[in-house]
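**Student:** Pasting the sequence and the predicted model now:
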2 protein chains.
Amino acid sequence: MSLRDKALACRDASAAIAGLDTEAKRRLLHAMANALAAEEATVLAANARDMDAARANGTSDAMLDRLCLDATRIAGIVAAIREVATLPDPVGITTRRETRPNGIVVERVRIPLGVIAMIYEARPNVTADAAALCLMAGNAVILRGGSDAMHSNIAIATALRRALKSSGLPEAALTLIDDPRRETMIELLQLTDIVDLAIPRGGEGLIRFVAEHARVPVIKHYKGVCHLYVDREADFDLALRLLVDGKTSRPGVCNALETLLVHEDIAAKFLPRAIARLRELAVDVRGDDATRAQVADVTPATEDDYAAEFLDLVIAVRVVDNIDEAITHIRRYGSDHTEVIATRDDAAAGHFIRAIRSAVVMVNASSRFSDGGELGLGTEIGISTTRLHAYGPMGAESLTVERFVVRGEGQVRHPTSE
Amino acid sequence: MSLRDKALACRDASAAIAGLDTEAKRRLLHAMANALAAEEATVLAANARDMDAARANGTSDAMLDRLCLDATRIAGIVAAIREVATLPDPVGITTRRETRPNGIVVERVRIPLGVIAMIYEARPNVTADAAALCLMAGNAVILRGGSDAMHSNIAIATALRRALKSSGLPEAALTLIDDPRRETMIELLQLTDIVDLAIPRGGEGLIRFVAEHARVPVIKHYKGVCHLYVDREADFDLALRLLVDGKTSRPGVCNALETLLVHEDIAAKFLPRAIARLRELAVDVRGDDATRAQVADVTPATEDDYAAEFLDLVIAVRVVDNIDEAITHIRRYGSDHTEVIATRDDAAAGHFIRAIRSAVVMVNASSRFSDGGELGLGTEIGISTTRLHAYGPMGAESLTVERFVVRGEGQVRHPTSE
């Protein structure tokens, strides 16, 4: 079966998924969770083949860890599917209703997008996580995982498709592309009459490849260069808490802090304390001249440091004249992901919120809350740093769109035309 | 100044527009309306040059009519700008607010998209209409009109930019591209770091060209193949009213009806009456065998007729076995624009609404209401038949996106990490 034929079958299957009510979708997700749990041995055997091949290829330990499944991780995937089944169903929600002067009643109602293509790399759990969230939002899904995880992905997808079949639904609603060639991925990304949205998840290289070749709509984010601005009116203890949590609680993720901006009026008091604490936690601190005037042995920061997503225990620091210089810095070096202000001054907080155009802006809270689960979306299918459709963490609702439902009693636009 | 430099200046100017409050934007739009009214003579002189050139090129009468301005039309454009100034401001609206278990308050707040590129053809009024709506939604705008209307567009844009300047705002917030070459349009459509959204308005050829070459997000619709399904339980008088209004009140627009589907149980009663009425109104009726069994001299309909956007007094007719066959027909031949059911049966209406995935679905109301003004958006900047960001007529709100604003009191994700 050609890629196009598989994708067409998925599109045909999407109508059946779109037509399911909330309870039917919940039952389907529990059936998927059960099927995956029942196939634990098969999935582990497939994963062992992927791991053997990856080791033989000299794959890095970090990548092997992402690829590896064990009984605990499979139980986690099963639990995650059941968790998605508890989410509110975004489909069919009427968000607005208005009666027009001529009496027609205009509603805005959420419907599924249709067919979602997920493009991802080594983590086989994405196969189940993404499928569950797409289906819960009434969509069919085409999964294109990394070749390293192919056997694992096939085993997981086979189990999940069995649950679709046993639920009386078309298996094509969950279609795994098992052809690892890049040409096939490009063909998938250009099926403009079939795929409603592509969501790439992985390293910047994969995402740029997808953005470059896609003709279908893509929602993506490249990186998170998140800033903490410590205002003149900040509570120092609070600011330090946000700094330590943002930089050190999990430095390898996109909502970790990369840059600290400090108002010059408090630099002499705040910076020595902050830098000492960061260094206790093994953070490599790089600063501008004003920072080094406070703590002499700080490494000089380069332009590249301010643009970097370190994903590591490294932070760039800069002293700014005022809040507007902080805003200008963020506009110049930021990635539209997440920015934080620490301040007790409501006016400063309001100014920061209005002037910053990133997807998430926070006042006196850690950048690490910039996550679908933490922000109340239940789970997330990705993050958007493009101001279109969704901006920031994307949950089930981002896999739907509002359309118009109009009810009348025979109203026409030009009554005289009859 | 290169295209890229102009676009960068527009992006820089977008921050000033995004920062305006509602009253400042309303004052700006009235200043723009005043400036355009004051330049009526200049605009008419420029338009006369465009008209002369177009006539010399043998341009069609229909195209000349779209291009032509006179005092009445300029007054209409001025009034349309003032009308946009009365619209609700979508920017800054908090759509949702939730306090999470850890006490952080998560809001969703609308912000402008940033820089909108409008790509359009002969109608010079779009220069003012689109600019007004983009600015009211807090965006900067890059306008790329057709070469036929270039002098008119320059005169209008110059007047509007004067109002920006006199309002203390950067003129670059309204940037007209006066280089008519297609390569320049392609370059504009690939400025992924500057343009947040491109909206093409015009014929299918222009829209396909934009979709083909754009690397920036595009929202568009190709055509409107709108259907009226007359159910077994329809009120015949009502159905006939919708049919006549949908097909004949303005056949050249995208929300006109193109196809009539009739339940077989009522075909013998409804079709002869409907076809007689359509013929009185000079409509060319093309039908399937079952239609011709009712009215023998109807022209046979081809496959192409069912897929056609006639934009003329032509209609394709088909008798269907039941509502599901109507739904299948619409899925196969429709363009995801607007579909109508005429019925007194609430269950049939509900089934039709759920099964039809077009941008606008109507029960007992004319397809001609599928328009931003009629649906309560105030005005429209375009129509989307892509299920992403916006679906259906797009108003000012579609030029914004929701982002996250989070307020805390020092909460961190891993309190133990400090």
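**Tutor:** Received the coordinates, thanks.
**Student:** Name the residues of the helix or strand where A:Gly205 lies that are buried.
**Tutor:** For A:Gly205, the host element (DSSP states H and E) is helix A:204-213. Buried positions in helix A:204-213, judged by neighbour count with 16 or more other C-beta atoms under 10 Å in any protein chain shown: A:206-207, A:209-211, A:213. For glycine as for every other residue, the C-beta is placed from the backbone atoms N, C-alpha and C.
**Student:** The residue lying closest to A:Ile104 once chain neighbours are set aside sits in which helix or strand?
**Tutor:** In space, and not counting its chain neighbours, A:Ile104 is closest to A:Gly408: 4.4 Å by C-beta to C-beta, 6 or more residues apart in numbering or on different chains. In the assignment (DSSP H and E), A:Gly408 maps to strand A:400-411.
**Student:** Please save the CA atoms from that strand in CSV.
**Tutor:** The C-alpha coordinates for strand A:400-411 follow below in CSV (Å, rounded to 0.1, in the frame of the first residue of the first chain):
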residue,chain,number,x,y,z
THR,A,400,-9.8,21.2,17.4
VAL,A,401,-11.1,24.4,15.7
GLU,A,402,-14.2,26.5,16.1
ARG,A,403,-16.7,26.5,13.2
PHE,A,404,-20.1,28.2,12.7
VAL,A,405,-23.5,26.5,13.3
VAL,A,406,-26.4,28.7,12.2
ARG,A,407,-30.1,28.0,12.9
GLY,A,408,-32.9,30.0,11.3
GLU,A,409,-36.6,29.8,10.4
GLY,A,410,-36.3,30.4,6.7
GLN,A,411,-34.4,33.7,6.8
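**Student:** what comes up buried for that strand?
**Tutor:** A:400-408, A:410-411.
**Student:** Stretch A:246-266 too?
**Tutor:** A:246-249, A:251, A:254-263, A:266.
**Student:** And the strands in the stretch 1-150 of chain A, which stretches?
**Tutor:** A:94-99, A:105-112, A:115-120, A:140-144 (DSSP state E, counting those that start in this stretch).
**Student:** Which one of those strands lies nearest to A:His227?
**Tutor:** Proximity to A:His227 (C-beta to C-beta) singles out strand A:115-120 among these, at 27.8 Å.
**Student:** how does chain A divide up, domain by domain?
**Tutor:** Using automatic domain parsing, the domain parsing of chain A gives A:3-219+A:390-405, A:226-369.
**Student:** Report the angle between the helix holding A:Gly205 and strand A:115-120.
**Tutor:** When axes from the mean of the first three to the mean of the last three C-alpha atoms, to 10 degrees is applied, the directions of helix A:204-213 and strand A:115-120 differ by 140 degrees.
**Student:** The residue of the stretch 251-400 of chain A found nearest chain B bridge partners, please.
**Tutor:** Across the stretch 251-400 of chain A, the shortest distance to chain B (C-beta to the nearest C-beta) belongs to A:Ala365, at 3.0 Å. Counting by DSSP bridges, A:Ala365 forms beta bridges with B:Gln411.
**Student:** Let me see the contact set for it.
**Tutor:** Residues near A:Ala365 by C-beta atoms under 8 Å, 6 or more residues apart in numbering or on different chains: A:242, A:340, B:104, B:406-411.
**Student:** Do you know the pLDDT at it?
**Tutor:** Here, the pLDDT recorded for A:Ala365 equals 98.
**Student:** Residues touching stretch A:28-46, excluding its own?
**Tutor:** A:20, A:69-71, A:74-75, A:77-79, A:81-82, A:84-85, A:128, A:131-132, A:135-136, A:151-152, A:154-156, A:158-160, A:162-164, A:166-167, A:169.
**Student:** change it to 6 Å
**Tutor:** Contacts with stretch A:28-46, where a contact means C-beta atoms under 6 Å, 6 or more residues apart in numbering or on different chains, come from A:74, A:78, A:81-82, A:84-85, A:132, A:151-152, A:155-156, A:159-160, A:162-163, A:167.
**Student:** Put the alpha carbons of that stretch into PDB.
**Tutor:** Output in PDB follows, covering the C-alpha atoms of stretch A:28-46 (Å, rounded to 0.1, in the frame of the first residue of the first chain):
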ATOM      1  CA  LEU A  28     -11.700   3.400  23.200                       C
ATOM      2  CA  LEU A  29      -8.800   4.800  25.200                       C
ATOM      3  CA  HIS A  30      -9.300   2.300  28.000                       C
ATOM      4  CA  ALA A  31      -9.400  -0.500  25.400                       C
ATOM      5  CA  MET A  32      -6.100   0.800  24.000                       C
ATOM      6  CA  ALA A  33      -4.600   1.000  27.400                       C
ATOM      7  CA  ASN A  34      -5.700  -2.600  28.100                       C
ATOM      8  CA  ALA A  35      -4.400  -3.800  24.700                       C
ATOM      9  CA  LEU A  36      -1.000  -2.200  25.300                       C
ATOM     10  CA  ALA A  37      -0.700  -3.700  28.800                       C
ATOM     11  CA  ALA A  38      -1.600  -7.100  27.400                       C
ATOM     12  CA  GLU A  39       1.200  -6.900  24.900                       C
ATOM     13  CA  GLU A  40       3.900  -5.900  27.300                       C
ATOM     14  CA  ALA A  41       6.100  -8.900  26.400                       C
ATOM     15  CA  THR A  42       5.800  -8.300  22.700                       C
ATOM     16  CA  VAL A  43       6.600  -4.600  23.100                       C
ATOM     17  CA  LEU A  44       9.600  -5.300  25.300                       C
ATOM     18  CA  ALA A  45      10.900  -7.900  22.800                       C
ATOM     19  CA  ALA A  46      10.600  -5.400  20.000                       C
END
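**Student:** I'm done for today, thanks for sticking with me.
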